[in-house]
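Colleague: no sequence on this one, just coordinates:
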């Protein structure tokens, strides 16, 4: 029986992170929108001042889950939080509780910097993901819209 472990990603894991994100994008049908390269993950995630952290779930030597997240700050609360950018669980592991374990590992890591909340976005038509996050205690914020402006 394989033992699942979750650990912080290291620079040596860039190719694994890139592959798991590609698997997520395939699941979401979003592969044509992706511009990221593995080198981008190495540059921005494993520098002296990284923009994100990642946790990888492993079954022995097989990567089966990923959480990519970063710090943020709420001026309304006056407290730091954590933003989960991506959560992926391999199809073979869905329904095992691994997604919840990854999220709780993110919470544990965020408590190290005194995070008071966790925030994320979900595609509006991804009902399974919305139900999953609601089971974890998340709620939809009414009256807010996500706005993005490209700087480059």
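Modeller: Sure, I can see it. Quick caveat: nothing in here was measured; it's all calculated off a predicted structure.

Colleague: the strands in this protein, which residues?
Modeller: Counting by DSSP state E, the chain has strands at residues 4-8, 53-59, 62-74, 79-89, 118-120.

Colleague: so the second one versus strand 79-89, what angle?
Modeller: Spelled out, that is strand 53-59. 30 degrees (axes from the mean of the first three to the mean of the last three CA atoms, to 10 degrees).

Colleague: give me whichever of the strands of the chain is most buried.
Modeller: strand 53-59 (a mean of 21; mean count of other CB atoms under 10 Å). Where C-beta positions appear, they are placed from N, C-alpha and C, glycine not excepted.

Colleague: what bridges to the closest residue to residue 8 other than its chain neighbours?
Modeller: Excluding its sequence neighbours, the residue lying closest to residue 8 (CB to CB, 6 or more residues apart in numbering) is residue 55, at 6.2 Å. In this entry, residue 55 is beta-bridged to residue 8, residue 67, by DSSP bridges.

Colleague: mind listing what residue 55 touches?
Modeller: Shown in contact with residue 55 (CB atoms under 8 Å, 6 or more residues apart in numbering): 6, 7, 8, 9, 66, 67, 69, 102, 105, 106, 109.

Colleague: what do you get if the cut-off is 6 Å, keeping everything else the same?
Modeller: 6, 67, 105 (CB atoms under 6 Å, 6 or more residues apart in numbering).

Colleague: list just the nearest of the residues you listed to residue 85.
Modeller: Relative to residue 85, the closest of the contacts of residue 55 is residue 67; by CB to CB it sits at 8.7 Å.
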